[in-house]
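> Prediction below, plus the sequence it came from.
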Amino acid sequence: MTEAAEGTRFGRRAVLGLLGFGAAGVVFGSKAQGLVDKALRPLTVRDRTGLTSYLPGSGRFRIYSVTGHSPKRTAAEYRLTVDGLVDEPLSLTFEELRTGLPQTRLTKDFQCVTGWRVEDVEWAGVTVADVLDRAGVAAGATHLRFHSFDGTYTETLTLDQARRPDVLVAHVMLGEPVTRVHGGPVRLYVAPMYGYKSLKWLERIEVTDSLEPVGYWEELGYDVDAWIGRSNGRRDEPA
Amino acid sequence: MTVPVDTRVGDRILRFDRTERVLHWANAVLVIICMVTAAILYFGPLSAVVGRRTLVKDIHVLAGLALPVPFVAALAGRWRAGVRADAARLGRWIGDDTVWLRTRGRAADVRLGKFNGGQKLNATFLAGVLPVLLLTGVIMRWFDPFPDSWRTGATFVHDLGAFGVWIAVTGHIVKSLAEPEMLRSMVSGWVPAGWAERHRPRWHEEVSAPDRTDDRVDRDDRVDASGQR
């Protein structure tokens, strides 16, 4: 008697079972993930190692760096340039951003266009509106272009969008100074829009009269006006 | 003419024919590429060190899409006999497998067939989970036609399944290194009959049955010659 005729055939059933489990997971996984996140909340908020953030489904930041390495700039050598259609171009140090301009604190979610969301992130910094008021916007200006010191990443906002009270030049994220991988020492945080608008490693705000050229992710096909829940074909809750 | 799988020639037994070995290693290369790129995409510190997300993602997607190719090729012709026979063996569970699993291979009197319980579970798990990863990966990559919640659900399943693959494949590699005879059989195809008698007595008995050895004896010389190549 050959072995293949003995025992029980479990293989096909197990494979089909896994396929079924996968299909159910796709359809109901979003709900399951929400429940898992809630169940793990007591664990994850107290975790100082950060290891629980690697559990599948827990609300965590994923790092989508597009260039070869995370660019490095210390707080001491950091400068934020504001130029273009302004009355007075600025070059702000990290200290000036932290103490020389009105500080705004926000606790808001970070929603990625790929679906993950990190709830209740503590942000602090200067609103873009306050930075613009310091520089003075010249007549005819309509848009802002943000440049990253990674050399590749750019983003745009209209003046009206940028003047919202929940759009920050942030130096605090997750309640601490913005880390290098999260775009520190200074990044943009555009609360009402998907995460790709919140440019990392911010080094320059250019005031212009044109949307073109569009930003890095917009060039790849993402919406220019990236309102959470009203763009990119998604229906997420606003942050 | 090559020897069919499970043929005893002298004091050696052909455990895996050429198709099976090529399939195994082609699949291994693709799965490992997927695993390494997955780790870079998933773990923040690694993502930050490597960067180049677009390139890493493209490699991951291409390797993933290529996963079915070796299987389709292996099953497309007359050369598939060994793959099919072993798939059937891997999908059968016998009482001795349960004993082997419960005693973690330490029970003296288990009479295993060609594969042990761990190998059967590993192969079956991967046979189920790799298609799941491929399909959820397709939803993640080409998400437009699907509802938002599917994209989130697919990501959740993909993450879970990937953890499973990491555990299964790591275990598979560790175990194969611990028993070099099995690793060697996936390279050369052959195992010593003595090893089979000690570790796979049920299979050894099956392939050594008189009616099976007799009709192959006349092939011995040609096989040895081709085995030397």
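Perfect, thanks for sending it.
> Once you drop chain neighbours, what's closest to the residue in chain A positioned nearest to chain B?
Residue of chain A nearest chain B, by Cβ to the nearest Cβ: A:Gly11 (2.2 Å). Yep, even glycine has a C-beta here, placed from its N, CA and C like the rest. In space, and not counting its chain neighbours, A:Gly11 is closest to B:Gly91: 2.2 Å by Cβ to Cβ, 6 or more residues apart in numbering or on different chains.
> That neighbour - how many residues pack around it?
21 (other Cβ atoms under 10 Å in any protein chain shown).
> Please apply the same query to the one 3 residues further on.
Residues within reach of B:Ile94, counting by other Cβ under 10 Å, total 19.
> need the contact list for it.
Residues in contact with B:Ile94 (Cβ atoms under 8 Å, 6 or more residues apart in numbering or on different chains) are A:Glu3, A:Glu6, A:Gly7, B:Gly113, B:Arg202.
> run the last query once more with 7 Å
For B:Ile94, the contact set (Cβ atoms under 7 Å, 6 or more residues apart in numbering or on different chains) comprises A:Glu6, A:Gly7, B:Gly113.
> And it, how far from B:Ala88?
Using Cβ to Cβ, to the nearest Å, B:Ile94 is found at 13 Å from B:Ala88.
> Same question for B:Asp148.
Remark: distance between B:Asp148 and B:Ala88 (Cβ to Cβ) = 42 Å.
> Repeat that for B:Pro68.
20 Å.
> Next: B:Gly113.
11 Å.
> between the two, who's got more neighbours?
Each of B:Gly113 and B:Ala88 has its neighbours counted (other Cβ under 10 Å); B:Gly113 has more, 24 against 16.
> In this structure that one contacts B:Trp203, no?
Yes: using Cβ atoms under 7 Å, B:Gly113 is in contact with B:Trp203, at 5.0 Å.
> Output the contacts of B:Ile94 in CSV, with secondary structure, distance to B:Arg8 and pLDDT appended to each entry.
Shown next, in CSV, are those (DSSP: H, G, I helix; E, B strand; the rest coil; distance: Cβ to Cβ, whole Å; pLDDT from 0 to 100):
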residue, secondary structure, distance to B:Arg8, pLDDT
A:Glu6, coil, 20, 74
A:Gly7, coil, 23, 81
B:Gly113, coil, 15, 93
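> will you turn those into a markdown table that also has distance to A:Glu96?
As requested, the contacts of B:Ile94 are exported to a markdown table (distance: Cβ to Cβ, whole Å):
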| residue | distance to A:Glu96 |
| --- | --- |
| A:Glu6 | 79 |
| A:Gly7 | 75 |
| B:Gly113 | 75 |
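> of all the residues you listed, which comes closest to A:Met193?
A:Gly7 (57.9 Å; Cβ to Cβ).
> tally of neighbours for the closest one?
Other residues near A:Gly7 come to 18 when the count uses other Cβ under 10 Å.
> before we move on, what about B:Ala178?
Neighbours of B:Ala178 (other Cβ under 10 Å): 9.
> and the gap between it and B:Gly171?
11 Å.
> Checking B:Trp203 next. Helix, strand or coil?
helix (DSSP: H, G, I helix; E, B strand; the rest coil).
> didn't it look like it was pressed against B:Lys114?
Yes: under the criterion of Cβ under 7 Å, B:Trp203 makes contact with B:Lys114 at 4.1 Å.
> show me where chain B has helices.
Here chain B has its helices, by DSSP state H, at B:18-42, B:44-50, B:53-66, B:68-75, B:81-90, B:95-102, B:117-141, B:148-178, B:180-188, B:193-199, B:201-208, B:210-214, B:220-228.
> Mind putting those helices into a markdown table with mean pLDDT and distance to A:Arg117?
Below are those laid out as a markdown table (pLDDT from 0 to 100; distance: least, Cβ to Cβ, whole Å):
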| stretch | mean pLDDT | distance to A:Arg117 |
| --- | --- | --- |
| helix B:18-42 | 96 | 17 |
| helix B:44-50 | 82 | 16 |
| helix B:53-66 | 95 | 19 |
| helix B:68-75 | 97 | 33 |
| helix B:81-90 | 94 | 41 |
| helix B:95-102 | 92 | 41 |
| helix B:117-141 | 96 | 16 |
| helix B:148-178 | 93 | 9 |
| helix B:180-188 | 93 | 44 |
| helix B:193-199 | 93 | 51 |
| helix B:201-208 | 92 | 52 |
| helix B:210-214 | 56 | 62 |
| helix B:220-228 | 44 | 59 |
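> which one of the ones you listed lies closest to A:Phe149?
Of all the helices of chain B, helix B:44-50 comes closest under Cβ to Cβ, at 15.2 Å.
> Buried ones in that closest one, by neighbour count?
Buried positions in helix B:44-50, judged by neighbour count with 16 or more other Cβ atoms under 10 Å in any protein chain shown: B:Gly44, B:Ser47, B:Ala48, B:Val50.
> The residues you listed into JSON lines, with extra columns for distance to A:Val181?
What follows is the buried residues of helix B:44-50, written out as JSON lines (distance: Cβ to Cβ, whole Å):
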{"residue": "B:Gly44", "distance to A:Val181": "6"}
{"residue": "B:Ser47", "distance to A:Val181": "8"}
{"residue": "B:Ala48", "distance to A:Val181": "4"}
{"residue": "B:Val50", "distance to A:Val181": "12"}
